[in-house]
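**Q** Next one to model:
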Amino acid sequence: MSGALKSTSEGLSLILTLSNPEQKNTLGPEIYAAGIEALNAAENNPEIRSVVITGEGSMFCAGGNLQRLQANRREAPELQAQSIEGLHNWIEAIHTYPKPVIAAVEGVAAGAGFSLALACDFVVAADNAVFAMSYSTVALSPDGGGSWKLARALPRALASELLMCGERISAQRLLALGLVNRVTGAGSALSQALQLAEQLNARAPNALTSIKELINDASTNTLSQQLASERNYFVQNLHHSNGGEGIAAFLEKRIPQYR
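**A** The predicted model follows:
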């Protein structure tokens, strides 16, 4: 795995750390490949029930490396297209990953760093964290699914403001807009994200997978299709061993032990 993406674990959580602080944890093809590799390895590992993505030091991620992008302008356009495909493959891997993924954001999450945070199921941010869809500041347009996420999560006027103005947005404002789950003190985003992960890890993995898939499909399904999916997942989870354990533990007033 690339040295620019550290992989560690704590309890039942995998921690992926963007680790090139001297370059503000900027992203590149090696990191995209390492991120996909890490998720693939953890997907069928029962010892991993959630993933936390964070940045080393005082910053989450400044997005793409502008020096690399400037150099790519001298190459064939296909080179940059391939690089973006690598990012998009990682974003899609996070979106479809069957376990919860949490972004723990300190400092700045800009450009593709903001898109990366938005791709996660949960965002825990420090109270001094700032976010920016800064593409337009350097005459570029978004990648990493930022436009897709914001256009679905916000009214058009607000999505246009974030994407076109490219100004810094506070964690508190994103909390009010429903794009951040929790705001915590500076320096404690990772610890708070791990507390959230511990809460999720205590729940039945199969149920969380079903819920994530239902959420992913809800925006494109008709009501009838969504109802059918809810029925199918409910029956499947009821007849899973965890369903029996969950109901029994509730009735017996004890803590369930899921596998």
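**Q** quick one, helices of the stretch 101-250 of the chain?
**A** 112-119, 146-153, 156-160, 171-177, 189-201, 205-218, 223-238, 241-251 (DSSP state H, counting those that start in this stretch).
**Q** Does Ser9 touch Thr17 like I think?
**A** No. The criterion here is C-beta atoms under 8 Å, and Ser9 misses it with Thr17 at 11.6 Å. For every residue, glycine as well, the C-beta is placed using N, CA and C.
**Q** how distant is stretch 7-20 from the center of its chain?
**A** 13 Å (C-alpha atoms, centre = their mean, to the nearest Å).
**Q** Lowest-scoring secondary structure element of this structure by mean pLDDT?
**A** Lowest mean confidence among the helices and strands of the chain (mean pLDDT, DSSP states H and E): helix 66-72, at a mean of 93.
**Q** Touching that helix from outside, list them.
**A** By C-beta atoms under 8 Å, 6 or more residues apart in numbering, the residues outside helix 66-72 that reach it are 28, 79-80, 83, 138.
**Q** rerun at 7 Å
**A** 28, 79-80, 138 (C-beta atoms under 7 Å, 6 or more residues apart in numbering).
**Q** Mind checking which of the residues you listed are buried?
**A** In these, burial by neighbour count holds for 28, 80, counting by 16 or more other C-beta atoms under 10 Å.
**Q** what two of the contacts of helix 66-72 are the furthest from one another?
**A** Spatial extent of the contacts of helix 66-72 (C-beta to C-beta) is set by the pair Leu79 and Val138 at 18.3 Å.
**Q** Please identify which of the contacts of helix 66-72 is nearest to Ala153.
**A** Nearest member of those to Ala153, counting by C-beta to C-beta, is Val138, at 24.0 Å.
**Q** State the pLDDT value of that closest one.
**A** Note on Val138: pLDDT of 95.
**Q** For it, which non-adjacent residue is spatially closest?
**A** Computed as C-beta to C-beta, 6 or more residues apart in numbering, the closest residue to Val138 that is not its neighbour in sequence is Leu66, at 6.9 Å.
**Q** Could you count how many residues lie near the one you found?
**A** 13 (other C-beta atoms under 10 Å).
**Q** quick one, what contacts Ile169?
**A** For Ile169, the contacting residues are 130-132, 162, by C-beta under 7 Å, 6+ apart.
**Q** Can you add neighbour count and give those back as TSV?
**A** Shown next, in TSV, are those (neighbours: other C-beta atoms under 10 Å):
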residue	neighbour count
Val130	20
Phe131	26
Ala132	20
Leu162	23
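**Q** and which of those residues is nearest Ile48?
**A** Among these, and counting by C-beta to C-beta, the member closest to Ile48 is Phe131, at 27.5 Å.
**Q** tell me the contacts of the closest one?
**A** 109, 114, 169, 174.
**Q** repeat that with 8 Å
**A** Phe131 makes contact with 105, 108-110, 114, 117, 125, 168-171, 174, according to C-beta under 8 Å, 6+ apart.
**Q** how is the protein carved up into domains?
**A** For the chain, automatic domain parsing gives the domain ranges 5-201, 205-251.
**Q** Out of the ones you listed, which one sits most buried?
**A** Compared across the domains of the chain, domain 5-201 shows the largest average neighbour count, a mean of 19 (mean count of other C-beta atoms under 10 Å).
**Q** Nice, that's everything, thank you.
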